[in-house]
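Colleague: pasting the structure only:
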Ligand SMILES: Nc1ncnc2c1ncn2[C@@H]1O[C@H](COP(=O)(O)OP(=O)(O)OP(=O)(O)O)[C@@H](O)[C@H]1O
Ligand SMILES: Nc1ncnc2c1ncn2[C@@H]1O[C@H](COP(=O)(O)OP(=O)(O)OP(=O)(O)O)[C@@H](O)[C@H]1O
Ligand SMILES: [Mg+2]
Ligand SMILES: [Mg+2]
């Protein structure tokens, strides 16, 4: 039956065989693509997570890579739009832009292709055919702040951000608010690397922070964060008794923290980009694409989570406290600040 | 004489072919189909008007950064700082684009000129230090790249936007993009900048090959003592060379700001336009026409490469390898020349 | 914060930051002293980082704590072999040396990522389990004042880099090999008429630069990044090149320049933690190391003359 | 008779040119053998073949009767052949000792034993009377000492056969005398020498036999004792050459150049010109005689604007040109044939045609509104090249590719053609063959007769005596004597140049 159709459009023909060759018809033959930012599809971060989600979604619907779902990887900023266009041209019904960097590209392509569906992760694009997927990173960061505050022996914490930007400020604000909520006297040392790539600078900053007495550092600095792990592990190696931790970001960075029999990853602020991708893809498949909507994935829907992998460090006590705060946030008892200004107001109320 | 000219064309062409061939061998070695790979590459660069448009869009700043590096080379200077000059040019273009309210025929040229000026200033610093104090331009330009990157990030956040990660879009009156070109190329981001780039190449050619200014610049590049003897102002020429080089790179920034993006984002790393410009310049033998051709090759490879993973399953890093091999073979043109001579002799 | 405390804060990071630059810059000194411009240092570092990490990941179980040491040796060897490409182009094929250096940079990165994808099926490796760790250097760390500044929490490899710089200085200025190498870079024809093979010397020099660049890259990867990806080496090779020129093509000068970079970088990062500087907008601290370098050059380092024959292919009998 | 070295039927080609065509030269033990030929005849090429730098297409080299394949300089060294090159093969930032031992360093435990080396160098230099400062850097020592270093290099390697490629071109007369003594003592040691020189007098003085080549072909070998300067010259050029420049007495007119109490420092901030006074009038050639390093270079550089004068004034046609920029000086009517033609005179990577307009490129008709007119430029170049007999494949050839003599002719054509009021000629004939020298001297005199003022700086007393209408002797930054050429001779000039006062020398002089 599928003889006439070429590979690209026949998509999911094997297996179900119900609707081959009818990609232009839509719903039951829904195909999904995604465009990564420079990090690439295996960045061990949100790009990878998105791709894992898309793969899972594809498997669930009996599709295979390049037949029903696929990704396009960007080498630099100028590649976003051509990649988007390529996927649209290849008849993908829904195209995800992974990361706030793709905001302009999505806005543009959505306008050019009003009949296609698009989704952007981590920021908001206002267009009727774009679903904006955002995460309540501040809420997750709040909980890591709680965990850090519970864990610290020095009452001194560190936050290392990549580029000083609205998104990373959100992480910072949530983290500080969480920590101060546990103990208002806690001191938080904040520094931005200036980029997401320089592990050397990440390590230099971590060195200083640990030297200055911080014992838990939350990083939100991409590959520069590798330097933070490197420094923590080095200190741990030198003095295995010393309590020194890193809090990972985006996905469970437990592996990065492994050092001999120890692990310096206290926890990680996990962003379930994968579940968000699956959910939006399914909505599209079912003809309920949330175009024009801003979807916030937060604690409630498990779009944001806290890793509990490090059982040794992430004690029962911490888990309990974190869960209590989580409830409060979900209930609306606590509103977590997202910006520096909101944080200031939050701190004044403490 | 004629056979010499033929050689000058034949050698780079052969270099490119050998580079592509080596790429094919690598693809074969790792179990990819080179024909599919290159077909995807071609498709991705020239497959339809959209991709042609995108290729041209990518070529535009490459021409300009290539010219920047080539111009400096022609005058005996190595400008590794095109990268930083692109960034400041971009920033300046955006600044003009969003802060002024002017009719298009003033606004657009104004923005373009200010971008060139910004790049020129960024080239002036290493030029001045080189001319006056003998400080090596390579270090200063490397350092200024970082200064440009970090400062422009800070300026975007604190001055050009209200603590945002990117600036507003420029006014339409400062934009290089054109609906006509976009319609022609199915919404590619091709813009009028290509005309500026080609025009800049003509200027470079004219300046270097046809004017007494170029004569002086080349002379100072070759032999400062003789230039001084001949009454040229050596210091001024060194500075001028870096200023012009910087202006070309600044224009490349304007292409991005006023043409491709219409704004500027806080950036975590370099645009790489400046570094790629080194390769473009050298591939183009530091001549204006060579730079245009090399920029097209480079742009087509870069844009086409994006299509390789999707269409043929070939990782696009392979294109970096192929580009490297092409550069390598162009660099080694002596040996190709040598072989060709041998073959020619053999014929006789 | 007292001066001693400040130094104790600033110097150890400066040392680990500098070490890869020192290694790589020393390689650059060898190559350029022989008359071969090497802007491929970045690529050589990439190759070193790639090999160092891959080897470390593969053999960590077998070699245990010795893994990083063997890894950097292997990285040296592979990068040395890799650099032969540059040597062939620059020396035998009379290529424009800048061009072939650029090719090395492209090739190393392309190859590194491509092979990573082939080996691991993803664009970046896992973190190594056997990186280098810091130590307190026995006895020396107990010296009052100096101990904490220079010998506590230090990578042994940092000191090896400094010792290597001294060794390179010795080789370059005290041995026949060094004399010949420098002669080849200054006046290849003079060397040739004295019976020194210009080709051989230049090959050796470029291969040494490959080995040292690989060493620098792998040390960077195994002390700082701990994995390999496209973002592991971003600009360090160019900084090393700057150190070569800053240091006036002298091994100790290059070392000094690399230490200066490390110190400036460390100071700018640590500076953010000093109350006095806390209110300074961050951008000034970010650009401080680079601006300081330019000021240092303009202020008191000044003119640096490259080896006279640097960048020129040697063609017998040409005038 | 045994030959120590024989080169038989050597042929060496460069792309597009046969530099050596069937040349034979045989060197006897203990002789000084001259190799004579015009610029570009192929002398250096032949010697480079012998030294293993070039590989001949045809021919055989024998050392002590045995055929040797001279693959590289090492082989030559091993066979006891050493060469002092026309352009010194010295590493400038290295010391004398380092240059001498380079490639054959004495070591102890892998380290260069510099002390031992310095001692050896000192011993060697004492033995042959080659005064050098073993620890000085090459860039700081005089050309004469650099040459002695070159000689020591060959001796250090135990050479028995020494090749000197134009060693005297760059030397002062004193140094030349010293060099001849050195050569004689080398012969006395049982060594053999091949000497390339354009100075026929030297050949007559010191050589035993002379091999002549012309345009790449061997003309033959003569016994110097049976020959004469005139014969050698005509053998070499293929026609008769006149040595005494033909000229009428000068008719000086108004003063063109007036230098008053001039003080100039060199690049090391040492004062080299110390209150110098000088006048040159239209229609006369003033020769500056003096030992190198007595302020001649600084004087010229100050006049031409390449160096700043600390004190004093320079006037041209009555107008001050003190410390004007080189451009301004040139435009006020000064032409300059610089001493170092590679450093100052030419942009070697420019085509010869573009070098012809190096001083005038910005003026009409070569450029208008800053746009170059290549047709005018190359037409001009074609014309001058023909007029001055500059031998080059074309005007589009890079200056680098020309022989020294032809480069010099190109420069002279450029400077003379601008018809400057004052023409400064610094060492205009250094390294040129007799034919070219004759040509250049004639040009200078022609210009004089057109009413130009000419300032000639030369270390060749022959040239000074021959060409000048008036001689100003410079010593320690001052003009210490003004003499007429017909009233003096080499000996007297030599004494003046060494700082003896005029009275002592006994030349009374009342030109002014
Ligand atoms: N081609 C060159 N390459 C490198 N350095 C040069 C070159 N030309 C000149 N210099 C250097 O520039 C400096 C000034 O040169 P020079 O003394 O020739 O100029 P000047 O006009 O006499 O200067 P001033 O009038 O200031 O004394 C010196 O340090 C010199 O070594
Ligand atoms: N490396 C080379 N490549 C091409 N041509 C060369 C080369 N070396 C010399 N020639 C040419 O070969 C010829 C002989 O040159 P050579 O240097 O031997 O002359 P020479 O007799 O030493 O002249 P001079 O008296 O000026 O030193 C000249 O025409 C010269 O231009
Ligand atoms: Mg010669
Ligand atoms: Mg001066």
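Modeller: Arrived safely, thanks for sending. None of these values were measured; they are calculated from a predicted model. Ligands and ions are numbered 1, 2, ... in the order given.
Colleague: right, and residue A:185 touches residue A:154 too?
Modeller: No. In this structure, residue A:185 is not within contact of residue A:154 by CB atoms under 8 Å, at 11.8 Å. Placement of C-beta: from N, CA and C, glycine included.
Colleague: more neighbours: which of these two?
Modeller: More neighbours surround residue A:154 than the other of residue A:185 and residue A:154, with 14 against 6 (other CB atoms under 10 Å in any protein chain shown).
Colleague: give me phi/psi at that one?
Modeller: In this entry, residue A:154 is assigned phi and psi values of phi -100, psi -10 (degrees, to the nearest 10).
Colleague: what does residue A:130 give?
Modeller: Phi and psi for residue A:130, reported as degrees, to the nearest 10, are phi -120, psi 130.
Colleague: okay, now it: neighbour count?
Modeller: Per other CB under 10 Å, the neighbour tally for residue A:130 reads 28.
Colleague: for residue 193, which residues are in contact?
Modeller: The chain I'm using is chain A. A:160, A:161, A:162, A:163, A:201, A:202, A:205, A:221, A:224 (CB atoms under 8 Å, 6 or more residues apart in numbering or on different chains).
Colleague: I was after chain B.
Modeller: By CB under 8 Å, 6+ apart, residue B:193 lies in contact with B:60, B:61, B:176, B:254, B:255, B:258, B:259, B:260.
Colleague: got a markdown table for the contacts of residue A:193, with neighbour count, pLDDT and distance to chain B too?
Modeller: Formatted as a markdown table, these follow (neighbours: other CB atoms under 10 Å in any protein chain shown; pLDDT from 0 to 100; distance: CB to the nearest CB, whole Å):
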| residue | neighbour count | pLDDT | distance to chain B |
| --- | --- | --- | --- |
| A:160 | 27 | 96 | 14 |
| A:161 | 27 | 94 | 12 |
| A:162 | 25 | 89 | 7 |
| A:163 | 22 | 85 | 5 |
| A:201 | 25 | 90 | 11 |
| A:202 | 32 | 93 | 13 |
| A:205 | 30 | 93 | 15 |
| A:221 | 32 | 91 | 10 |
| A:224 | 30 | 90 | 9 |
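Colleague: of all those residues, which two lie farthest apart?
Modeller: Greatest spatial distance among the contacts of residue A:193 (CB to CB): A:163 and A:205, at 13.5 Å.
Colleague: per-residue confidence at residue 89?
Modeller: As the question left the chain open, I've gone with chain A. At residue A:89, the model reports a pLDDT of 86.
Colleague: not what I meant, chain C
Modeller: pLDDT, residue C:89: 91.
Colleague: surely it is in contact with residue C:102?
Modeller: No. With contact defined as CB under 8 Å, residue C:89 does not count as touching residue C:102 (10.8 Å).
Colleague: and stretch C:209-224 with chain B, contact?
Modeller: No. Shown here: stretch C:209-224 not in contact with chain B (CB under 8 Å from any CB of the partner chain), separated by at least 15.3 Å.
Colleague: avg pLDDT for that stretch?
Modeller: 96.
Colleague: is that stretch in proximity to chain A?
Modeller: Yes. Applying CB under 8 Å from any CB, one finds stretch C:209-224 touching chain A at C:220, C:223, C:224.
Colleague: give me the contact list for the helix or strand hosting residue C:276.
Modeller: Secondary structure assigned from DSSP states H and E places residue C:276 in helix C:275-278. In this structure, residues lying in contact with helix C:275-278 by CB under 8 Å, 6+ apart are C:271, C:272, C:285.
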